[in-house]
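*Asks:* Provide a 3D model corresponding to the input given below.
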Amino acid sequence: MTTTRLDTPLLWLWIALLGVGLLAVTSASMELAVSRHGDAFHHFFRHAAYLVLAGLAFLSVLSIPISFWEWADRFALVLAIGLLALLFVPGLGREVNGSLRWIAFGPISLQPSEPVRFLLVVYLAGYVARHRQAISTDLLGLLRPMLWLLIPCALLLAQPDLGSAVVIMAVAVALLFLCGARILHLSLLGAAALAGLWLLLSLRDYRVARLQAFLDPWAPDVQFGSGYQLTQALIAFGRGEWFGVGLGEGLQKLFYLPEAHTDFIFAVIAEETGVVGALLLGAALMALVLRGLWHGRMAQRRGADMAAGLAYGAALLLGIQALVSLGVNTGLLPTKGLTLPLVSYGGNSLIVSSALVALLVRVAWENAEGDRPARSVRRREVAA
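*Replies:* Prediction:
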């Protein structure tokens, strides 16, 4: 692989977002690290180690040809289901904050929902590559992958982890749309999904409480309960104004805003860098996603359906997760624990997000290689 075939802007966006994340996590976690570990740079060093692992994951995925993922797409679905099932094996699954989301291997912990998203993108890309005609003409062809996705989504809901299940389904619907599914079929599917989501929300009291807090987080009966995180995040945005209070000078991270270095990292960034900093970060994320979608379109034009599905799926997964995280931080969506890709603290998220970016870079490289013979032929025709 020659460096001239790599997408340099995409690489710089990835590196820039990782750098912003390291600065933001360090700033947001220092007081918490002193309180819990007696070392202000505890999370900084761990995050830096995660960045090394994320870089290795990036290089590993970048070195794998698209043809491998096309061969392994069905295995990806089986592996995703198997990883989630391991959570329910006695002695393996570990419960944190009331949710069974971690598998402990000694000092190492794996959150299966993160690699599962990557694996399901591979499965969906393989499916649309094999059944492109059925997706665009047959309702059953559209329903088949969604029915298979119900298995990992049911295992996610059993943890419980509604947010990851919603993100996966949203990515699947958007990917199928970009790959030619009919709007009428998708509308029927979307209506059924919304009805199911409403049922899932109404079945759990804490989900209803979060929805009520989302509608009015300042209500006296919720602002210090289910609406506490959102009100503190909104205070952070208000304090930041246009240009922020300065890097490291934020107050909300001083034990006012829970999960400041993970789920609510964007609120800390907004407080310390202001509206300008928050908009620049959002623009960088948008640029990365749009460039990934463009590479998917280029792959689709040259008939590389697997490459197109991988690029669409990776870009959509990064984009939808980022959109949900930003929406939660700003009060546009109900509170849900999802990290901001490439920015929030957390090894699993950083590694998987970097692997998704690597898929985009790999598709871009194969697009360039695939276009090279055609360009050479055109040049010869012009010369003749």
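
*Asks:* Let me see the mean pLDDT of stretch 366-379.
*Replies:* Regarding stretch 366-379, the rounded mean pLDDT is 58.

*Asks:* what does stretch 169-181 give?
*Replies:* Averaged across stretch 169-181, the pLDDT comes to 88.

*Asks:* Likewise for stretch 212-227?
*Replies:* On average, stretch 212-227 scores 74.

*Asks:* Where does pLDDT dip in the stretch 251-384 of the chain?
*Replies:* Counting by pLDDT under 70, the stretch 251-384 of the chain contains low-confidence ranges at 371-384.

*Asks:* Apply 90 and report the result again.
*Replies:* Along the stretch 251-384 of the chain, the parts satisfying pLDDT under 90 run over 251-263, 302-303, 331-338, 346-347, 368-384.

*Asks:* just the helices in it please.
*Replies:* In the stretch 251-384 of the chain, the helices defined using DSSP state H, counting those that start in this stretch lie at 265-301, 305-330, 347-383.

*Asks:* quick one, which of those is nearest to Phe58?
*Replies:* Among the helices of the stretch 251-384 of the chain, the nearest to Phe58 by Cβ to Cβ is helix 347-383 (4.4 Å). In short, each C-beta sits where N, CA and C put it, glycine included.

*Asks:* before we move on, the earlier item: reformat the helices of the stretch 251-384 of the chain as CSV; add distance to Val166.
*Replies:* Below are the helices of the stretch 251-384 of the chain laid out as CSV (distance: least, Cβ to Cβ, whole Å):
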stretch, distance to Val166
helix 265-301, 18
helix 305-330, 8
helix 347-383, 17
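
*Asks:* so how far is Ser29 from the closest residue to Ser325 other than its chain neighbours?
*Replies:* Distance criterion Cβ to Cβ, 6 or more residues apart in numbering; nearest residue to Ser325, sequence neighbours excluded, is Leu340 at 4.3 Å. Distance of Leu340 to Ser29, given as Cβ to Cβ, to the nearest Å: 14 Å.

*Asks:* Could you do Leu280 as well?
*Replies:* Leu280 sits 22 Å away from Ser29, taking Cβ to Cβ as the criterion.

*Asks:* Between these two, which has more neighbouring residues?
*Replies:* Applying other Cβ atoms under 10 Å to Leu280 and Ser29 shows that Ser29 carries more neighbours, namely 26 against 15.

*Asks:* Let me know whether that one touches Tyr345 as I believe.
*Replies:* Yes. With contact defined as Cβ atoms under 8 Å, Ser29 counts as touching Tyr345 (6.7 Å).

*Asks:* Are we agreed that Gly21 is in a strand?
*Replies:* No. Secondary structure of Gly21 (DSSP: H, G, I helix; E, B strand; the rest coil): helix, not part of a strand.

*Asks:* Count the neighbours of the closest residue in space to it that isn't next to it in sequence for me.
*Replies:* Once flanking residues are discounted, Gly21 sits nearest to Val343: 3.8 Å by Cβ to Cβ, 6+ apart. Residues lying near Val343 (other Cβ under 10 Å) number 27.

*Asks:* Then Trp71?
*Replies:* Other residues near Trp71 come to 12 when the count uses other Cβ under 10 Å.

*Asks:* again with Arg182
*Replies:* 16.

*Asks:* For the closest residue to it other than its chain neighbours, give its distance to Leu178.
*Replies:* Using Cβ to Cβ, 6+ apart and skipping the chain neighbours, the partner closest in space to Arg182 is Ser136 (6.7 Å). Applying Cβ to Cβ, the value for Ser136 to Leu178 is 11 Å.
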